[in-house]
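Colleague: next input, structure requested:
(one chain, ligands or ions: 1)
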Amino acid sequence: MTKSTGRDLAARPARKLLFLQLADTIFNVITSKPPENALLVDTRTPAEYAQGHLEGAINLDLSAPRPRLRTPEDLQAFERSLAELNGKLGLGPEKKVVLYDDGLTPRLARTAFFLALSGLQVFLWPAGWQQHERTLEVPHIQAAKPWARLRRELLLTADEARKHLLLFDVRSPQEFTGETKASCCARSGRVPGAKNAPWEMFINSSGLLEQLGIVTGQEVGVYCHSGARSAVAFWVLKSLGVSVKNYLGSMHEWSGEADLPIEAG
Ligand code: ZN
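Modeller: Residues are numbered from 1 along each chain as shown. Okay, the predicted model is just below:
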């Protein structure tokens, strides 16, 4: 076996490279041992989890829930649902959560975003965990009192996204122009004024801020179809020290709100 070199790494697929490049810089990313007393969350598929996971890890995927988050009442209901979830998982204000997956997948990113929004301290572990021993044992989780404190500073609502000066739509150019549309969405197109920056751009963080035209201190918003690809962009920008917010409802919510303007072409 020869020692790995930069040249070898460059020959690997881009997805793998992302995590090697970001490993030391991403917000709260860990590459070796997770902090003590943290709940480990495996965001891979149930089948992958069942084949062996890290000791004490639960399987959780929050890439599906699409709550409406427009009014103060919506946000209160969302906070309550996050509190219930934390209670079921035995999570409270003192508890740390470490999420792992095979790379910074939209699944990992959105699940981590939900848990961070609930007020928990989250750590992302997209690479390096694979070297640790695995078990088939599913841990017993002791439920706790429901608790959440919505971190509004991470979240954009539709009405905030509408007024946002620097908003990136991280979907494909075809989704951005309205040429293609998810079958679950009422209308095609984009939030007026948004700029297209497909999420694959975020795979290589070097020179990313220059490419996006983000200057120091500027506040940035991101969205996609349902807040998962934009959660990847969120964590990458966060790792670069950008003040970033994710419009979690994204186009799925926007297209269903008849009063919101839409731009296409
Ligand atoms: Zn949709």
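Colleague: tell me where the stretch 101-250 of the chain has strands.
Modeller: 121-125, 134-135, 167-169, 195-196, 219-223, 243-246 (DSSP state E, counting those that start in this stretch).
Colleague: got the residues of this structure near the ion?
Modeller: Selection of the chain residues close to the ion by Cβ under 5 Å from the ion yields 182, 184-185, 252. Every residue, glycine included, has its C-beta placed from N, CA and C.
Colleague: same thing but at 8 Å, please
Modeller: When proximity is defined by Cβ under 8 Å from the ion, the chain lies next to the ion at 66, 182-186, 225-226, 251-252, 255-256.
Colleague: wait, what's in contact with R80?
Modeller: Residues counted as contacts of R80 (Cβ atoms under 8 Å, 6 or more residues apart in numbering) are 146, 148.
Colleague: filter the residues of the chain next to the ion down to the buried ones.
Modeller: Those of these that meet the buried threshold are 66, 185, 225-226, 251-252, 255-256, by 16 or more other Cβ atoms under 10 Å.
Colleague: what is the nearest of these to G52?
Modeller: Within these, the smallest distance to G52 is 29.5 Å, found for S226 (Cβ to Cβ).
Colleague: could I get the pLDDT score of the closest residue to that closest one other than its chain neighbours?
Modeller: Residue nearest to S226 in three dimensions, not counting chain neighbours: H252, with 4.7 Å by Cβ to Cβ, 6 or more residues apart in numbering. What the model reports as pLDDT for H252 is 96.
Colleague: what is K195 paired to in the beta sheet?
Modeller: Applying DSSP bridges to K195 gives these bridge partners: F168.
Colleague: hang on, it packs against D169?
Modeller: Yes - counting by Cβ atoms under 8 Å, K195 touches D169, with 6.9 Å between them.
Colleague: looking at those two, which one has more neighbours?
Modeller: Set K195 next to D169 and count neighbours by other Cβ atoms under 10 Å: D169 wins out with 28 against 13.
Colleague: can you tell me which of the residues of the chain next to the ion end up in helices?
Modeller: Counting by DSSP state H, the residues of the chain next to the ion place 251-252, 255-256 in helices.
Colleague: how about the helices in the stretch 101-250 of the chain?
Modeller: 106-117, 158-163, 173-177, 208-212, 229-239, 250-256 (DSSP state H, counting those that start in this stretch).
Colleague: run through the residues that contact the nearest residue to A231 once chain neighbours are set aside.
Modeller: Nearest residue to A231, sequence neighbours excluded (Cβ to Cβ, 6+ apart): A109, at 3.6 Å. For A109, the contact set (Cβ under 8 Å, 6+ apart) comprises 124, 228, 231-232, 234-235.
Colleague: A109 and K238, how far apart?
Modeller: 10 Å (Cβ to Cβ, to the nearest Å).
Colleague: and if you look at E179?
Modeller: Remark: distance between E179 and K238 (Cβ to Cβ) = 31 Å.
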